[in-house]
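S.K.: quick one: sequence and predicted model below, then my questions.
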Amino acid sequence: MAISPPSDIISDVARAADPTRLQAASRKLMEGAPPAEGASFADAVKELADKPVMMPGADIYSLRNSLRNDAETANAEKVRKAHQEFEAYILQTFVESMLPKDAENTYGKGNAGSIWKSMLAEQIGGQLSKAGGIGIAERLLNARKHGPSAIPPGSEQSMNTLLGKV
């Protein structure tokens, strides 16, 4: 089997594009380009060196706090997503154990059937978790935020049973 890649992908795309849109895009690129004579990176740095880095009226502390809050929000979102994925995995194992074992007409035979069944359980578990799940992620997030005292009495035992730690 031989492969013959095109010599210039950009030229092929440009030829396939709508001519009016190609001309408009080329015009916009040329308008935004610096003058060809004497324009260099050093010139661009000199031009920007005189401009203020921050907006007028903004102080360094408000900028720092804004960046810190953005980072904390992003971190909280990552933690929430990780807990949700953990719950999705737990739900996947529950769903997979509930699916019929001898359903070769549905899943297929052999390894392909077991892989398809596992993938189906993974998708169902993920969708259940996105829809709110059964509360595992929320409980773990509350315990993370407020410490072990945030877990209601008696639910530790049910959580351990749920996670198979009994």
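M.R.: Perfect, thanks for sending it.
S.K.: torsion angles phi and psi at G132?
M.R.: phi 130, psi -20 (degrees, to the nearest 10).
S.K.: got a list of what it touches?
M.R.: Taking Cβ atoms under 8 Å, 6 or more residues apart in numbering as the criterion, G132 is in contact with no other residue. For every residue, glycine as well, the C-beta is placed using N, CA and C.
S.K.: just the pLDDT at A14, thanks.
M.R.: On pLDDT, A14 comes in at 68.
S.K.: low-confidence regions, this structure specifically.
M.R.: Within the chain, the segments meeting pLDDT under 70 span 1-10, 14, 32-39, 52-58, 147-166.
S.K.: now do 90
M.R.: Low-confidence segments of the chain (pLDDT under 90): 1-83, 97-118, 130-166.
S.K.: nearest spatial neighbour of Y107, chain-adjacent residues omitted?
M.R.: Closest residue in space to Y107, ignoring its immediate chain neighbours: G113 at 3.9 Å, by Cβ to Cβ, 6 or more residues apart in numbering.
S.K.: run the chain-centre distance for the host helix or strand of K117.
M.R.: For K117, the host element (DSSP states H and E) is helix 110-130. Put simply, helix 110-130 sits 20 Å off its chain's centre (Cα atoms, centre = their mean, to the nearest Å).
S.K.: can you tell me what sits against it?
M.R.: With Cβ under 8 Å, 6+ apart, helix 110-130 has contacts from 84-85, 87-96, 99, 104, 107-108, 134, 137.
S.K.: this structure: helices as residue ranges?
M.R.: 9-16, 19-32, 41-49, 60-98, 104-107, 110-130, 136-146, 155-163 (DSSP state H).
S.K.: present those helices as JSON lines; the columns should include mean neighbour count.
M.R.: Below are the helices of the chain laid out as JSON lines (neighbours: other Cβ atoms under 10 Å):
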{"stretch": "helix 9-16", "mean neighbour count": "10"}
{"stretch": "helix 19-32", "mean neighbour count": "10"}
{"stretch": "helix 41-49", "mean neighbour count": "9"}
{"stretch": "helix 60-98", "mean neighbour count": "13"}
{"stretch": "helix 104-107", "mean neighbour count": "13"}
{"stretch": "helix 110-130", "mean neighbour count": "15"}
{"stretch": "helix 136-146", "mean neighbour count": "16"}
{"stretch": "helix 155-163", "mean neighbour count": "13"}
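S.K.: returning to that earlier point: any idea how far the residue nearest to Y107 is from S97?
M.R.: To S97, G113 is 16 Å away according to Cβ to Cβ, to the nearest Å.
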